[in-house]
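> Sequence and predicted model, in that order:
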Amino acid sequence: MSIDQRCKEQLKVADQMFMDFKYTSPGSREQIRALHTFTFLVSMWADFFLQSEAVRMDAALAIEPKN
């Protein structure tokens with residue numbers, strides 16, 4: 001999955017998270033849920049970048065010198 005696809009996939013969730021956080025009272029159930037959602041999405045991005053790094057490293061390790 002590309003970065004563009006990942007962004008499009010998370011857009012609806014991110015919009016709802018923003019609205020819940022910005023337009024509800026401080027400490028409300030909606031704000032707490034928005035913060036949990038935010039941390040979950042950040043962890044998804046960390047996983048995405050770790051996986052893409054592993055793929056690049058696997059490709060780099062597979063390169064054989066020409067004789």
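Sure, I can see it.
> what about the lengthiest helix in the chain, average pLDDT?
Longest helix in the chain, counting residues (DSSP state H): helix 29-61. What helix 29-61 shows for mean pLDDT is 84.
> and it, which residues are buried?
Across helix 29-61, burial judged by 16 or more other C-beta atoms under 10 Å covers 30-31, 34, 37. Backbone N, C-alpha and C define where each C-beta goes, glycine included.
> Please state the offset of that helix from the chain centre?
4 Å (C-alpha atoms, centre = their mean, to the nearest Å).
> which other helices and strands contact that helix?
helix 3-22 (3 or more C-beta pairs under 8 Å, 6 or more residues apart in numbering; DSSP states H and E).
> so what does the helix it packs on touch, helix or strand wise?
helix 29-61.
> quick check: angle from the helix it packs on to helix 3-22?
160 degrees (axes from the mean of the first three to the mean of the last three C-alpha atoms, to 10 degrees).
> Now the residue positioned nearest the centre of the chain: closest residue in space, sequence neighbours ignored.
Centroid-nearest residue in the chain: residue 45, 2.7 Å away (criterion: C-alpha atoms, centre = their mean). Leaving out its chain neighbours, the residue that sits closest to residue 45 by C-beta to C-beta, 6 or more residues apart in numbering is residue 6, at 7.6 Å.
> OK, contacts around the one you found?
44-45, 48 (C-beta atoms under 8 Å, 6 or more residues apart in numbering).
> Mind doing that once more with 10 Å?
Applying C-beta atoms under 10 Å, 6 or more residues apart in numbering to residue 6 gives the contacts 41, 44-45, 48.
> now, the most widely separated pair of these?
41 and 48 (10.3 Å; C-beta to C-beta).
> Please consider this matter closed, and thank you.
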